[in-house]
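Enquirer: Turn this into a structure:
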Amino acid sequence: MQRVVLGVSGGIAAYKAVEVCRRLVDAGVHVVPVLTEAATRFVGKTTFSALASEPVHDSLWDGAIPHTRLGQTADLVLVAPATADLLARYAAGMADDLLTATLLATRAPVVVCPAMHTEMWEHPAVADNLATLARRGVVVVPPEDGRLAGGDVGSGRLADPATIVERVLQLLGPADLAGRHVVVSAGGTREALDPVRVLTNRSSGKQGHAVAEAAARRGAAVTLVTASPLPVDTPSVTVVPVESAADMEAALGRAAATADVVVMAAAVADYRPKAPADRKLTKDDGIPEIVLEQTPDILAGLAARRPPGQVLVGFAAETGDAVERGRRKLSRKGVDLLVVNDVTAPGAGFDHDTNAVTILDAAGGAVEVPLTSKQAVATAILDRVIGLLGQKKEMP
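Expert: Below is the predicted model of the structure:
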């Protein structure tokens, strides 16, 4: 597990560092909180100790050389918010508290997220200090425009926590999908019975969204075609909302034409009403007879039209004898990988935050991923995709 030292300095934006901490922990990062004395005037140590991976560190005298230990064991050091004072002391090489001492004692990548009033942000001294830090390799996540303390509005507002976390995870993860276009589908489609009612399934879209966000962290340009209402926490993911199987087929047809990888994680309805009513069906009408017709086989269509070198991944949510059913589906659909799960298994069905899958390949191989987070499942899938991209590149 990768370790991030989260440094929090004493600005009003320190409350947003709580959300940064939570998001990093949710992404599977071991978060070590380091608070300055001034930071504790804005946020309590108990809050960070409860949400982070270990209790707050705030003293240079807490055990033997704590700053050296923190600096040496960190995979990345993040300062959010970074006040004008903190930036000045870091640029000057001062080490008069645990956070600045840790910054000087680490060889890990450092990310600073400035936050201050507009007048301070625009002061030449702050610009000079940031330029000095940038020359030394420090990554700066610039502030945004918006509401500031005291009712003012202007530049200097701490970057959105989602933006900060995305940048951190990009730096932590391999950039092995940089320059690649990855298209992911997610969620359960909805087929209209009438203007009020729909036929749908239990898919939440969580697994597909996790794949999209994981691909973005690995440097890919990601298009997420989703029928799920879940929010997307990764700003760099292009979201294409859809509802029906026909909507999804059209959107994927456009996006997949230029994709290096297509991950078809959506649970597309197999059937839809042949003639949806144009008005709400009521009890006065009696029990309706609903004639169904088959929806397009989107995955098979993508396989038939895919450009050379494209990696195509399908999903199969099964009940009983899942792997054997998955092998037959893999052969029938013509995909490179098929991700199979038994939705009746505890913790692995629809709408869970966890999953357990078997990743089948066209050569007859199988990789079992035991019950874990859907983010970890997404990583396992993309690891296999990377291997296939390399193989396809080597083919004559």
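
Enquirer: Now do stretch 40-48: everything it contacts.
Expert: With contact meaning C-beta atoms under 8 Å, 6 or more residues apart in numbering, stretch 40-48 is reached by 6, 8, 10-12, 14-15, 17-18, 21, 33, 35, 55-56, 58. (Each C-beta comes from the backbone N, C-alpha and C, glycine too.)

Enquirer: Show me what counts as buried in that stretch.
Expert: Neighbour-count burial for stretch 40-48, counted by 16 or more other C-beta atoms under 10 Å, picks out T40, F42, V43, F48.

Enquirer: cool, stretch 87-98 as well?
Expert: By 16+ other C-beta under 10 Å, the buried positions in stretch 87-98 come out as L87, R89, Y90, A91, A95, D97, L98.

Enquirer: out of those, who's nearest T73?
Expert: Using C-beta to C-beta, the shortest approach to T73 within the buried residues of stretch 87-98 belongs to L98, at 14.3 Å.

Enquirer: Quick check: closest non-adjacent residue to the closest one.
Expert: The shortest distance from L98 to any non-neighbouring residue, by C-beta to C-beta, 6 or more residues apart in numbering, is to L60 (5.0 Å).

Enquirer: picking that back up, farthest pair within the buried residues of stretch 87-98?
Expert: Between any two of the buried residues of stretch 87-98, the greatest separation by C-beta to C-beta is 18.0 Å, found for A91 and L98.

Enquirer: Any regions of this protein where pLDDT drops low?
Expert: For the chain, the stretches with pLDDT under 70 are 392-396.

Enquirer: Checking the spatially most distant residue from the centre of it next. Helix, strand or coil?
Expert: Centroid-distance maximum for the chain: D284 at 47.8 Å, with C-alpha atoms, centre = their mean. Three-state assignment for D284 (DSSP: H, G, I helix; E, B strand; the rest coil): helix.

Enquirer: show me what contacts it?
Expert: Counted by C-beta under 8 Å, 6+ apart, D284 has zero contacts.

Enquirer: measure it to V291 for me?
Expert: D284 sits at a distance of 21 Å from V291 (criterion: C-beta to C-beta, to the nearest Å).

Enquirer: Among the contacts of stretch 40-48, which pair sits farthest apart?
Expert: The widest separation within the contacts of stretch 40-48, taken as C-beta to C-beta, falls between I12 and P55 and amounts to 23.9 Å.

Enquirer: Who has more neighbours out of those two?
Expert: Just comparing I12 and P55: by other C-beta atoms under 10 Å the higher neighbour count belongs to I12, 17 against 13.

Enquirer: What residues does the more buried one make contact with?
Expert: I12 neighbours (C-beta under 8 Å, 6+ apart): F42, A115, A149.

Enquirer: List buried members of the contacts of stretch 40-48 by neighbour count.
Expert: By 16+ other C-beta under 10 Å, the contacts of stretch 40-48 give 6, 8, 10-12, 14, 17-18, 21, 33, 35, 56, 58 as buried.

Enquirer: want to throw the residues you listed into a markdown table with secondary structure?
Expert: Converted to a markdown table, the buried ones among the contacts of stretch 40-48 look like this (three-state DSSP):
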| residue | secondary structure |
| --- | --- |
| L6 | strand |
| V8 | strand |
| G10 | coil |
| G11 | coil |
| I12 | coil |
| A14 | helix |
| A17 | helix |
| V18 | helix |
| C21 | helix |
| P33 | strand |
| L35 | strand |
| V56 | coil |
| D58 | coil |
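
Enquirer: Give me the subset of the buried residues of stretch 40-48 lying in helices.
Expert: F48 (DSSP state H).

Enquirer: circling back: looking at the buried residues of stretch 87-98, which one is closest to R305?
Expert: Of the buried residues of stretch 87-98, the one sitting nearest to R305 (C-beta to C-beta) turns out to be L87, at 52.3 Å.

Enquirer: quick check, that closest one in a helix?
Expert: Yes: residue state for L87 (three-state DSSP) corresponds to a helix.

Enquirer: my read: it touches A115, true?
Expert: No: applying C-beta atoms under 8 Å, one finds L87 not in contact with A115, separated by 10.3 Å.

Enquirer: can you give me the offset of the helix or strand containing R23 from its chain's centre?
Expert: Element membership for R23, per DSSP states H and E: helix 14-26. The chain centre lies 15 Å from the centre of helix 14-26; the measure is C-alpha atoms, centre = their mean, to the nearest Å.

Enquirer: before we move on, back to that, can I get the contacts of I12 in CSV with distance to D26?
Expert: Output for the contacts of I12, formatted as CSV (distance: C-beta to C-beta, whole Å):
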residue, distance to D26
F42, 23
A115, 22
A149, 28
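
Enquirer: Please identify which of those is nearest to L338.
Expert: Among the contacts of I12, and counting by C-beta to C-beta, the member closest to L338 is A115, at 46.2 Å.

Enquirer: and the closest one, how far is that from G44?
Expert: Using C-beta to C-beta, we find A115 at a distance of 19 Å from G44.

Enquirer: Repeat that for A192.
Expert: 50 Å.

Enquirer: residues touching L389, list them.
Expert: R180, D260, V261, G309, V311.

Enquirer: any idea which of the residues you listed is the one closest to E243?
Expert: The closest of the contacts of L389, once distances to E243 are taken by C-beta to C-beta, is V261, at 24.3 Å.

Enquirer: For the closest one, grab the count of nearby residues.
Expert: Neighbour count for V261, taken as other C-beta under 10 Å: 26.

Enquirer: partners of it in the sheet?
Expert: The bridge-partner assignment for V261, based on DSSP bridges, gives V182, V311.
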